[in-house]
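In: Attaching a predicted model along with its sequence, questions to come.
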Amino acid sequence: MSFQKDPAEILARLDRLRAADAPTHGGHVLSYVYDSGLAELDELAARAIRVMQPVNGLDPTTFTSVAVMEREVLGFAREMLHGDDSVVGTVTTGGTESCLLAVKTARDLWSGEGRPRLVAPVTVHAAFQKAAHYFGLDLDLVDVGTDGRAHAEDLIARFGPDVALVVVSAPSYPHAALDPVAAVARAAAELGIPCHVDACIGGWVLPFWEGLPDWDFRVEGVTSISADVHKYGYAPKGASVLLQRGRDRQRAQYFSTTRWPGYPVINPTMLGSKSAGPLAASWAIVQALGMDGFAELAASCQRSTRHLVDLVNSIPGLTVVGDPVGPLFAVTGDATAPARERIDPHHWADRVRAHGWQLQLQPSLVQSDGSVLPTTTHLTITPVTESVLEPLSEALVAAAAEVRGIPPVSPEQVLASFPPELLAGLAEAGPLDSETAWAFLQQVGLGGSDELPESLAPLLALVSALPAPLVERLLTELLARLVEPR
């Protein structure tokens, strides 16, 4: 058979496409990617994926290697998270699927009347908003302090017979706050409410972090934990674990049917057919590193995080939010500094990007009680960070000096830059169709390009300026247009 294009030409184009991406190695992107800094570990994972490339993870009775690898990854995770023999689980395709399955299980086991409720801090990962939306639960988000800390008494006060699940984070993604797991889980257990710990970002690193209270299966009342192997397990994307306390609870996670004329469908996850590659990579990495290897990489993350937290707190005009736990933290402007010394974290992130380092901008949020979680910039630290601490630190300090005293882009300023008739039209349009949403994006300079603007601070101000449903519709249109055929 002859190919329409030479394979070498195809791969060359793929290389050109990848060259336009943010770098996944080297520590210059402080979100989304988790670089161990070990090239040999990446090569091991790639070879494991190649071996399993043709395997369908749907059926571990046909492909018995899938069952062996999943069993061993789960066994390692259970030991790491201090589970006993009653803790069983599943390897999923990522944190969102783990969170969805935890909520789906809780909903199916809930025996109350009416509509079940999910209680969580407002800082809980957005995957739980998706899960509540998909599975028909009322989402009851509880305000946190402006330092990102959730308070146990506030969560416990929301408990009632209609609560199907309470979720706490270890730690929360936006501010790296470790939620009060023990107090919430114990109170939930007394009322028969299951408690899920979302440790998607912390699950494979906090077990090796120094000086933390118990937050895993050592805590009475913790019924399930999600922990992403593709974060601090250093596996390629598409791997997480969901551990459940109790076989009967975990079995409720499954979907099964024999009521069709095909093969019996028995699925513990949302997907049926799925790649076994990420599982194989996870298994190979676990085999290679072991507990000692993960502990060594966690220690590197802890050293770098301490250095960077101290550095940021020493920069006039900036401050780290709260008391972050784990290898991540959020930075905001120091509101106590004189105006000439203040630094807007989004202007700072934009300037850091100009120096060759990508941080993650996070918008402010008005909570239900009227308090405001501040505008922040997020940094995720990985083992490779230690090898680039000096140039990264220099960039953080230099960028701060370049934007010190420049006021933030205000929502009012953003709205004033648009023609009044444009905003009036949006307000009167009702639910936006695709063409209206696209026309608005083009008028504000976001349509017609695959690249984001150089400065993201105005875009984040726009997110804060417009009503959330409108922003969500516009961003949906923006992302959908990126992948439409042209």
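Out: Everything's here; your move.
In: Low-confidence bits of the stretch 351-486 of the chain, can you list those?
Out: Across the stretch 351-486 of the chain, the ranges flagged by pLDDT under 70 are 425-429, 448-452.
In: repeat that with 50
Out: Scanning the stretch 351-486 of the chain for pLDDT under 50 picks out nothing.
In: Same question for the chain.
Out: Applying pLDDT under 50 to the chain picks out no residues at all.
In: remind me, longest helix of it?
Out: Longest helix in the chain, counting residues (DSSP state H): helix 277-314.
In: Tell me how far the residue lying closest to T375 once chain neighbours are set aside lies from P174.
Out: Nearest residue to T375 in three dimensions, chain neighbours excluded: S364, at 4.5 Å (Cβ to Cβ, 6 or more residues apart in numbering). Bear in mind the C-beta positions are built from the backbone N, C-alpha and C, glycine included. Distance from S364 to P174, counting by Cβ to Cβ, to the nearest Å: 11 Å.
In: which residues are common contacts for those two?
Out: The contact sets of S364 and P174 overlap at L373, T376 (Cβ atoms under 8 Å, 6 or more residues apart in numbering).
In: Compare these two (neighbour count), which wins?
Out: P174 (22 against 16; other Cβ atoms under 10 Å).
In: which helices and strands sit right next to the helix or strand where E40 lies?
Out: Secondary structure from DSSP states H and E places E40 in helix 39-51. Counting by 3 or more Cβ pairs under 8 Å, 6 or more residues apart in numbering; DSSP states H and E, the packing neighbours recorded for helix 39-51 are helix 277-314.
In: How far does the helix it packs on sit from its chain's centre?
Out: Centroid separation for helix 277-314 versus its chain: 17 Å, with Cα atoms, centre = their mean, to the nearest Å.
In: As a check, name the ranges of all strands in the stretch 301-450 of the chain.
Out: Along the stretch 301-450 of the chain, counting by DSSP state E, counting those that start in this stretch, strands occupy 318-320, 328-333, 360-362, 365-366, 372-373, 376-380.
In: With S111 as the reference, name the closest of these.
Out: Closest of the strands of the stretch 301-450 of the chain to S111 is strand 365-366, at 34.0 Å (criterion: Cβ to Cβ).
In: Mind listing the strands the closest one pairs with, and their directions?
Out: strand 372-373 (antiparallel) (DSSP bridges).
In: Name the residues that touch the strand it pairs with?
Out: The contact list for strand 372-373 (Cβ under 8 Å, 6+ apart) reads V122, T123, V144, T146, G148, P174, S364, L365, V366, Q367.
In: pretty sure L297 is touching D35, no?
Out: No. The criterion here is Cβ atoms under 8 Å, and L297 misses it with D35 at 10.4 Å.
In: Between those two, point out the one with more neighbours.
Out: Legend: neighbour count by other Cβ under 10 Å for L297 and D35, higher for L297 (27 against 20).
In: give me the number of residues near the closest residue to the more buried one other than its chain neighbours?
Out: Nearest non-adjacent residue to L297, counting by Cβ to Cβ, 6+ apart: P383, 4.6 Å away. As a burial measure, P383 scores 25 neighbours (other Cβ under 10 Å).
In: Would you agree P383 is in contact with V33?
Out: No. Using Cβ under 8 Å, P383 is not in contact with V33; the gap is 11.9 Å.
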